[in-house]
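> please find the sequence and the predicted model below.
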Amino acid sequence: MYLEITFVAFFIDRIFGEFKYIRHPVVLMGDYINWFEKRFYKDDILQGFILTLSLLPIVFLICFGLEQILPWWALAIFASTGIASKMLYELTVLLILGAAILL
């Protein structure tokens, strides 16, 4: 089942790209990190360790929970938000074109 989810997620990403109404998982993790830093972070290795130890179970529980309640095709849609290959390709092309114009 995981292989099918991976392939479908890849093709969803290639065809549609990023969905505007689904935030990228890295953005959500960044929001959590910002929230944690504002409340608990003291620029300390121990606090960074606690941040890491708190983020990992949150990500695991969300992924595990989604896997338990969603059908495979819905998991593929969520997984496609983490790939972002179409967006990365388009931005790379723009970067190359911009560099070529400057030369």
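Perfect, I can see it now. In this text the structure is predicted, and so the values were computed from the model without any measurement.

> what's the stretch of helix or strand Gln68 belongs to in contact with?
Gln68 is located in helix 45-69, with elements delineated by DSSP states H and E. When contacts are taken as CB atoms under 8 Å, 6 or more residues apart in numbering, the neighbours of helix 45-69 outside the stretch itself are 29, 32-33, 36-37, 40-41, 75, 78. Quick note: C-beta positions are derived from backbone N, CA and C, even for glycine.

> again, 6 Å this time
Helix 45-69 is contacted from outside by 36, 41, using CB atoms under 6 Å, 6 or more residues apart in numbering.

> pull out the buried residues from it.
Within helix 45-69, the residues that qualify as buried by neighbour count (16 or more other CB atoms under 10 Å) are Leu51.

> pLDDT value on Tyr89, please?
Tyr89 is assigned a pLDDT of 78 by the prediction.

> ugh, typo on my part, it should be Phe16
Reading off the per-residue confidence, Phe16 sits at a pLDDT of 81.

> and it, how many residues sit next to it?
The local packing count at Phe16 equals 11, with neighbours defined by other CB atoms under 10 Å.

> and it, how far is that from Thr92?
Relative to Thr92, Phe16 is positioned 18 Å away (criterion: CB to CB, to the nearest Å).

> try Trp35
Taking CB to CB as the measure, Trp35 and Thr92 are separated by 31 Å.

> swap in Ala9?
Using CB to CB, which is the criterion applied here, Ala9 is 20 Å from Thr92.

> with Tyr21 instead?
Here the distance between Tyr21 and Thr92 works out to 25 Å (CB to CB).

> higher neighbour count, these two?
Using other CB under 10 Å as the criterion, Tyr21 and Thr92 rank with Thr92 on top: 10 against 4.

> okay, and that one sits in which element?
Secondary-structure element containing Thr92, defined by DSSP H and E: helix 85-102.

> quick check: buried residues in that helix?
Within helix 85-102, the residues that count as buried by 16+ other CB under 10 Å are Lys86.

> what lies in contact with it?
Helix 85-102 is touched from outside by 13-14, 17-18, with contacts defined as CB under 6 Å, 6+ apart.
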